[in-house]
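1. Return a 3D structure for these sequence lines:
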Amino acid sequence: MAIWSQVAGNELSIKIQGRFDFSSHQQFRESYENLPQPPSKVIIDMEQTTYLDSSALGMLLLLRDFSGGDQANISIINSNEEVKKILSISNFEQLFDIQ
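-> Next up is the predicted model:
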């Protein structure tokens, strides 16, 4: 598991490689919590994410709360079919822009 983040202007991109589970918690939080100013847009790239569990779903919800809750602008992109299925079963398409 590895997580990379990059800020460009007021947009934060987070890439998750491998399993996205509880072992990712600290690294995922650090990717967005210590920025000088909150980003107006967050992109979560899951192209290389092979698995996610309920703790990963919780981490995504914490990011959403941190980013403004209902006003948060967060996109989840490049998910494989298994990850998309988990997000869909959890009704995350109502909370995030899933592409």
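2. Find out how far the strand ranked longest in the chain is from the centre of the chain, if you would.
-> When the chain is parsed with DSSP state E, its longest strand is strand 11-20. Mean-position distance between strand 11-20 and its chain equals 6 Å (CA atoms, centre = their mean, to the nearest Å).
3. Need the residues that contact it.
-> 1-7, 24, 28, 31-32, 35, 39-53, 56, 59 (CB atoms under 8 Å, 6 or more residues apart in numbering). Backbone N, C-alpha and C define where each C-beta goes, glycine included.
4. What mean pLDDT does the helix or strand following it get?
-> The first helix or strand that comes after strand 11-20 along the chain, using DSSP states H and E, is helix 25-33. When pLDDT is averaged over helix 25-33, the result is 94.
5. In terms of secondary structure, what does helix 25-33 contact?
-> strand 2-8, strand 11-20, helix 54-66 (3 or more CB pairs under 8 Å, 6 or more residues apart in numbering; DSSP states H and E).
6. Sheet partners, orientation included, of the following helix or strand past that helix?
-> Using DSSP H and E, the helix or strand that follows helix 25-33 towards the C-terminus is strand 41-45. When sheet partners are counted by DSSP bridges, strand 41-45 sits next to strand 11-20 (parallel), strand 74-77 (parallel).
7. can I get these in a markdown table with mean pLDDT?
-> Listed next are the strands paired with strand 41-45 as a markdown table, based on pLDDT from 0 to 100:
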| stretch | mean pLDDT |
| --- | --- |
| strand 11-20 | 96 |
| strand 74-77 | 98 |
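8. Alright, I will stop here.
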